[in-house]
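*Asks:* Build the 3D model from these lines:
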Amino acid sequence: MAILFDADFHDLIDLLPDALLLVQGSTVIYGNPSATTLIGPMTGQDGLPCSLEQLFRTEDYHRILESASHQTAEAVLEATLLSSSGESIPVEVTVRQGVLHEQTILLLIAHDLRYRRRLEEHIRRQANYDALTGLPNRALFLDRMQHEIIRARRTKSRVALMFIDLDRFKWVNDTLGHAAGDQLLREAAARLLACHRESDTVARLGGDEFTVILPDMARGPHAERVASQILKQLARPFVLEGQEAYISGSIGVTIFPDDADDMDGLLKNADCAMYHAKSDGRNAYRFFTPDMHAEAQDRMELEKHLHKVLERQELVIHYQPIVDLHNRCVVGAEALLRWAHPTRGLMSPDLFLPLAEEIGLLGQITEWTIMTACQQTQQWRVAKKRSNLFISLNLSCTRCRELSTDNKLSELLQQTQLPPTALVFEITENIISEDPVKAMAMLHQLRHLGVQLWLDDFGTGNSSLSVLKRLPVTGVKIDRSFTPDALTDQETGLLVRAIVSLASSLHRKVIGEGVETERQEHFLREQGCDMAQGYLYGRPMSADEFGELL
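*Replies:* Numbering: from 1, shown residues only. Reported below is the predicted structural model:
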């Protein structure tokens, strides 16, 4: 392939980063060093120069010749170059016909496209795939969902859409850290993929939300089988940062075209069904039903009003008396939060606190409740000369986390001037179910502040001597369901006696709930209960009414 060039021109060609080929007829008569690097030795088995046809795919070879014969100026086209090692290399070829030493030649400059293609693929993946899990992202999911809807319309088939939310993901992040949370998402993604066919699409919308598209899917048993399999996979333990962690999933399922015939409708339906699965106890799947629409609208309206509940001063606290059984004197009250909704009337916290947690208002509501109850109690202590009066509030797992172990509670007590010993938090044993170490540290911190802790609903769960001994509680409330039956059911009576005996032996105060008659009061007093609460002494009442009672 020797060809004579001026020395300076030869040095210049050698510096070109792209492969340069000179072709006479169909024979390659020259290749610069970059061409040799890209292609390898350009000689045949017989040592003779190779032909241009050997270097390109047949269709590309003919396109190069055709472009050279029809173009007076240079032509640029993409082709596949065949290296001597057998690798197929995508290149951009610039073709120019010219004359050298009075001979017609083709000048080819081949630019390696592999880096550009890798870069384009990287950009494409970034635009369409989730970086953490490798699953399709929201953009690609929406594109595929639209494609499946169009195809289903044409073939008159069905498509199932699933929304999957990981339960307790926030707990994993808060407890084990974000690295463990990322590990959980990757493992969950792998388990979801294992539940599906190649034709299905599993995508991550963001956070701990995943979606699944099941094409050619009837509402029947297959979708249910897939949902059941997903729940089983997610319920298996995850090993995160060397520790076992357990989560679950809530799944909402909707069907095209049965439930909706457009993208927006399907997305709303799946989200609505998923919310129902979560609100029904989690670790479940729900198929969309038409009545869910009305409930979703109702929930949206409630959420809108809840955002302004503090601003509009619509929260109120009712107080139910707690009496000393030795002298029947009112010694405290349980503060019961209510929402005075402008159109729905008084609403129980069970109806709005879970929603408040979802939208991030639980901390503010908890702080307002504690502040208001403590402030009111201190006013009564001073005005009524009742220095022994205390206030109790229910403290759920979530609201307990909202308090954390910082100085927030100390500041509230300082502002209201209520002694810590006059504040009682009622907890249940499941407060330590999610993160025992953190929960116990927080409970001990509350006791260190001087706050009293009562174990509520004792006798209904897995309550035992070990639980009572382990938790730093100062009192035990016998569940209200036992009190009415204690006089008529021998086993219930024995259970109440055992609870009182157990708590008293551990020097815990015992409080009986649900007292409605004097006979029930007499029974509890005989067993050794210290305090009682129930309709016999008063229903939950406003602050003014409780002040009059005092």
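*Asks:* Show me what the host helix or strand of residue 304 is packed against.
*Replies:* According to DSSP states H and E, residue 304 maps onto helix 291-306. Judged by 3 or more C-beta pairs under 8 Å, 6 or more residues apart in numbering; DSSP states H and E, helix 291-306 is in contact with helix 263-279, helix 349-358. For the C-beta atoms, the positions are set from N, CA and C on the backbone; glycine is no exception.
*Asks:* can you state the direction angle for the last one and helix 263-279?
*Replies:* To tie it back to what came earlier, the one meant is helix 349-358. 120 degrees (axes from the mean of the first three to the mean of the last three C-alpha atoms, to 10 degrees).
*Asks:* For this structure, give me the ranges with low pLDDT.
*Replies:* By pLDDT under 70, the low-scoring segments of the chain are 1-11, 43-48, 70-73, 218-221, 396-406, 433-435, 459-466.
*Asks:* got the end-to-end distance for stretch 377-390?
*Replies:* End-to-end distance for stretch 377-390: 7 Å, by C-alpha to C-alpha, to the nearest Å.
*Asks:* What lies in contact with that stretch?
*Replies:* 330-333, 391, 416-418, 421-424, 452, 546-547, 550 (C-beta atoms under 8 Å, 6 or more residues apart in numbering).
*Asks:* buried ones in that stretch?
*Replies:* Neighbour counts over stretch 377-390 (16 or more other C-beta atoms under 10 Å) mark 377-378, 380-381, 386, 389-390 as buried.
*Asks:* From those, which land in helices?
*Replies:* Counting by DSSP state H, the part of the buried residues of stretch 377-390 found in helices is 377-378, 380-381.
*Asks:* Now do stretch 232-246: distance to the chain's middle.
*Replies:* 15 Å (C-alpha atoms, centre = their mean, to the nearest Å).
*Asks:* Likewise for stretch 273-280?
*Replies:* Counting by C-alpha atoms, centre = their mean, stretch 273-280 is centred 14 Å from the centre of its parent chain.
*Asks:* gap between the most centrally placed residue in the chain and residue 82?
*Replies:* The residue lying closest to the centre of the chain (C-alpha atoms, centre = their mean) is residue 208, at 3.2 Å. Distance, residue 208 to residue 82, by C-beta to C-beta, to the nearest Å: 48 Å.
*Asks:* circling back to that earlier point, correct me if wrong: the residue nearest to the centre of the chain contacts residue 168.
*Replies:* No - in this structure residue 208 lies outside contact range of residue 168 using C-beta atoms under 8 Å: 9.3 Å.
*Asks:* Next, residue 261: secondary structure please.
*Replies:* Put simply, residue 261 is coil when judged by DSSP: H, G, I helix; E, B strand; the rest coil.
*Asks:* does residue 535 sit in a helix, a strand or a coil?
*Replies:* Under three-state DSSP, residue 535 falls in the coil class.
*Asks:* To clarify, my last question referred to residue 497.
*Replies:* State at residue 497, reduced to three classes by three-state DSSP: helix.
*Asks:* can you tell me which residues contact it?
*Replies:* Contact analysis of residue 497 by C-beta under 8 Å, 6+ apart lists residue 527.
*Asks:* now it: how far from residue 512?
*Replies:* Residue 497 is 12 Å from residue 512, by C-beta to C-beta.
*Asks:* Which residues are in contact with each of the two?
*Replies:* Residues touching both residue 497 and residue 512 (C-beta under 8 Å, 6+ apart): none.
*Asks:* Now do the strands in the stretch 351-500 of the chain.
*Replies:* 390-394, 423-427, 452-458, 475-478 (DSSP state E, counting those that start in this stretch).
*Asks:* from those, which stretch is densest packed?
*Replies:* Each of these was scored by mean neighbour count; the highest is strand 475-478, a mean of 26, by mean count of other C-beta atoms under 10 Å.
*Asks:* Pairing partners for that strand, with directions?
*Replies:* Strand pairing for strand 475-478, using DSSP bridges, gives strand 452-458 (parallel), strand 509-512 (parallel).
*Asks:* Now tabulate those strands in JSON lines and tack on distance to residue 358.
*Replies:* Listed next are those as JSON lines, based on distance: least, C-beta to C-beta, whole Å:
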{"stretch": "strand 452-458", "distance to residue 358": "24"}
{"stretch": "strand 509-512", "distance to residue 358": "32"}
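*Asks:* I'd like to know which of these is closest to residue 56.
*Replies:* strand 452-458 (80.2 Å; C-beta to C-beta).
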